[in-house]
Structures are given as C-alpha cells and as structure tokens.
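S.K.: next come a sequence and a model predicted from it.
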Amino acid sequence: MGTQVVILDSEFIQGFSAPLLDDYLSAKNYVQDVPTQSLLHIRSFTHKLTALLGQGKAFEFSSPNLYDRIEQLNQKRLIDVKTTRALHRLRADGNRGAHPEKYHLTQEQLLALAQKGIKDMLALVEHLYLKVTGREAPEYRYEVSDSVTVKELCYRAVMEDDPKAQYLVGISLKTKALLLKEQELSWADEVEELVETEHIAKEDQPIKAADTFARAAYWFMLAAPHHLEALYEHGVALIHGYQGAPEVVKGEQAIATAAKAGVVNAMALLGYFYLVGSESFRQDLVLAQHYLQGAADGEQTEAMANLGVLHYQQNDLTQAYHFISKAAQAGYPHAQYHLALMLANGEGCQRDPIVSEHWMAEAAEQGQLDAMFSRAQHMLHDDKAFDSDLTQAEHYLREVIKYGHSVPAMIELSMALADGILGRIDVVGAAALLNLARRHANQKEAEIIQPLWQSLALQVDKVLEVTHDSAEIHSLKRAKDLLTL
C-alpha cells in the first residue's frame, strides 16, 4: 500500500477553487502584522465563495451585497444551515476588520479575530469540498506562512518606493492609533482610582495616539499620488489634522477624487458630505444618494445606514427601514440599534417588540453604547433576570462609562451597587460612581444625582453607627470621604 500524500493548506485551497487562493494566501500573510488587511481579504474570499456556490445554478444574484447573496443561496436551498452560518460569520468578521475601533477591539482581539478567520475559512472549504468538486476532501496540513511583517513592508515602502507597501504601513499605523486613541479617551481607570486613592484627577498621560496618527499620515501622503485607497486615507488625515492643523478643504477634495475613481470608502464619505453639507460641498440629496448607493453596492455598511438616514429625513420610512435593515444585517452595530428602535415604534414596518429586542441585543453584543445601556437597564429591572444577566448588565454599564463617559450609566450602576441588585452591596463603588457622575453632570443630571447622593451618605452613616467590623468600617469611611469631596 502506498503512503497517502498530505498536501499543504495552500494546495488544498487551490484544488478546491484556484480563484480563492490569492485571497487566502494574502489573509495568511497579513494576519500577524496587518490583521485589518487580513480580515478584508477574508471578506473578499467569502464574496468570491458565494459566486462559486451560485455558479451554474440557473439563477443570478439580485444584489452585490454579501448578506443578500448568502441569504439568496440559503433561500434557494443551494447551501445548508452550517454553510450559511459559517459564511455569515466570515462576513461579520470581515466587517469588523474594516472598522475595528467601532467595535472596541484591542490589537490582541483583532489579531485573534484574523487568526480565527483563517481557521474558519479552512473548515468551511473542508465542509464544502465534496459538494463543489465532487471529490472527497484530501488530507492537508497547515503551513505557517512567511508573514508579511511591518518591517518588510517598511523596507519595500522606503527602499523600493512601493505605493501599496506605503499604504499598508499607513493602515497598520492608523489602526494602532485608533485603538490607542480609544484607550486614551476611555475612563477605565478613573472609578478605580477614586475607590483606591484620595486623588481625583488622572495624571497626564503622553498622547501616543497623536504621534502614531502623524506617522500614518506620512505614509498615506507618500502613496497618495499612485494609490487611490491611499489618496482617500490622505484626505481623511488632512481633515482630521493627523500631522497638525486640519486642512479640511484640501482633504475633502482628495476624498472626492478618490470617490469619483470608485474607492468605496471615499464614495461613502463623499455621499455623507452631500447628505449633511461640508466645507466644500453643499447639501445635495441627489448626489448624496448617488454616492451612498455606489458605496452600499460595494458592501460599505455606513453608506447603507446613511441611505436609511436620507430616506428617514425625507419621511420615507419604508425605504429608511429597508436600508437600515440591510446595514444591520450586514453587521453594522449603529444600524442594528436604530433598527431596534424602528421595530419598537413601528416606523416603516410592523411593530415587533420581540424582533426589536433581538436587534438591540445584537447591537449591544457588538459594542454599540446606546444599545448596551438600554440592554443593561432592561436586565437590571427584569424580575426574572438570571445572575448571568446581571453580570452582563454590569459589564455593559462599565463599558458605556469607559467609552461613552455616560453620566446616566454611572447613576444606574451606582444605584445597582448601593441597593445590592447585582448580588452584592458595594457602597465605595457606588460613592465613586456618584462622585464621578456629579463632576461631569449637566444641570438636569445634577438634579437627579443630588437626592441619590444624600440617600447614600445617610446609608453610610447609619451602617457606621452599628458596625464593628474593621474592614467594613474602613470601606465605609472611604465611601464617606468620596461623598464629602
């Protein structure tokens, strides 16, 4: 008997469908140092795979939208439930790669997501191998690729003056800068500092994000004359002042040039400019719809959502619901939140509280702050909530405070900790949150805080009068200090 040959994973993909190989190899090569680019290739792989699955089946896709294509294959019974779910998972991961900062992903989470995407692609191809090729899937082994590292990209960018390498170095730096900026703006440590120390203000931290944005802008500027996606990024950098003072008009013109050349993200942003008006472009709803539709056809989820906004502003609620639904189904968390509201109110659709709650939960799970706050309130005030729900509610509130600086979330969590709703009473944590809330509250919020402040202070004084536990006394005195600052 001959020994069975074990092929490499790249040969496995090529034997399944040669047109998928480039995206698969690119996703592998970029996974370590440019995971956002890896995830974009995973999404491209998924799009091409839907075309392969529909090939020769006597029907045509009605939309270029990936969600629609997957659902159309499912409705025609051309793919099974396992394949449908796997395709949607790859699609959603690819969308997260396009805008990781909007999903509150850390660099480590982004890397893990890209690595998981590679495994998911291989598992799906293995599942589909017999169906597509008519042959049993051969045994293969995963070969660790010679990853394209930032060091290698920098060499090509500098020594070879390669515009694509310059663009990818810029993207890598911009992704890191966005994640750094989110961490710098978060209040993750402020409540903990209030609990643990007398010092209220955080010490000034060096703004590392600004330096990283400036480095990203340099590479986009170099690549822009020869690379259209880099031209778009150069425009964004100018508008936001990555290297100093913003140059809005110059940035908008660069974006317009990229949009007219068909760069999807540029089309989405130019459409937004026409939707609301900008420095260079007056509001023009016809042009807004033109560019937003073009970007939506290219899978740009914010463009889909903004098409919904356009129709909502024109009081065409049916069309608004249609486009916001498409953006929600494509995985855009802000659209999922607004779809939940439309379903709850019956705007452009039949009122459906159950489906509304589903989309609210989806949006919260993906880090949409308003949805997280809504879900947390629902869980905390639900008499049938499980312990796991309460744990999730606390997590959501802390995330909303961390990234949204939300005074209502501080008040809600403070009350839950003081009243023992979360299964424990934590007066120090409650006092710290009320202290933070009062310092950032507007007048209306301050009026809500005042009676809660007085009630918690009274609660602390009463317990201090009767307790003899030294640890409890220490905590109560700390809470009392926080309530007298």
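M.R.: Looks like it arrived, so ask away.
S.K.: tell me which residue is most central in the protein.
M.R.: Tyr103 (2.3 Å; Cα atoms, centre = their mean).
S.K.: now the element after the lengthiest helix in the chain, going C-ward?
M.R.: The longest helix of the chain (DSSP state H) is helix 107-133. Downstream of helix 107-133, the next assigned helix or strand under DSSP states H and E is strand 140-141.
S.K.: any stretches of this protein with poor pLDDT?
M.R.: Filtered on pLDDT under 70, the chain yields the residue ranges 1-4, 101, 145-149, 187-207, 485.
S.K.: residue boundaries of the strands in it?
M.R.: 7-8, 140-141 (DSSP state E).
S.K.: need these in CSV with mean neighbour count and distance to Val309, can you?
M.R.: The way it works is simple: take the backbone N, C-alpha and C, and place the C-beta from them, glycine included. Shown next, in CSV, are these (neighbours: other Cβ atoms under 10 Å; distance: least, Cβ to Cβ, whole Å):
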stretch, mean neighbour count, distance to Val309
strand 7-8, 13, 48
strand 140-141, 14, 47
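S.K.: export those as a markdown table, with columns for distance to Gly308.
M.R.: Output for the strands of the chain, formatted as a markdown table (distance: least, Cβ to Cβ, whole Å):
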| stretch | distance to Gly308 |
| --- | --- |
| strand 7-8 | 45 |
| strand 140-141 | 44 |
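S.K.: go ahead and confirm Thr212 touches Leu173.
M.R.: Yes: counting by Cβ atoms under 8 Å, Thr212 does reach Leu173; the two are 5.5 Å apart.
S.K.: need the residues touching each of those two.
M.R.: Counting by Cβ atoms under 8 Å, 6 or more residues apart in numbering, Thr212 and Leu173 have no common neighbour.
S.K.: contact partners for Glu383?
M.R.: I think there's a mix-up here, since residue 383 is Asp and not Glu. Counting by Cβ under 8 Å, 6+ apart, Asp383 has no contacts.
S.K.: err, Leu20, not the other one
M.R.: So Leu20 contacts Ile13, Phe45, Lys48, Leu49, Leu52, Val125 (Cβ under 8 Å, 6+ apart).
S.K.: count of neighbours near the residue nearest to the fifth one when sequence neighbours are not counted?
M.R.: For Leu52, ignoring the flanking residues on the chain, the nearest one in space by Cβ to Cβ, 6 or more residues apart in numbering is Ser17 at 5.5 Å. Residues lying near Ser17 (other Cβ atoms under 10 Å) number 20.
S.K.: got it, and Glu143?
M.R.: Neighbours around Glu143, by other Cβ under 10 Å: 12.
S.K.: which ones are touching it?
M.R.: Leu8, Asp9, Ser10.
S.K.: for it, give its distance to Ala295.
M.R.: 37 Å (Cβ to Cβ, to the nearest Å).
S.K.: equivalent analysis for His227, please.
M.R.: In terms of Cβ to Cβ, His227 sits 19 Å off from Ala295.
S.K.: and the two? which has more neighbours close in?
M.R.: The neighbour comparison of His227 against Ala295 (other Cβ under 10 Å) goes to Ala295, with 28 against 22.
S.K.: you'd agree the more buried one is up against Thr301?
M.R.: No: in this structure, Ala295 is not within contact of Thr301 by Cβ under 8 Å, at 9.3 Å.
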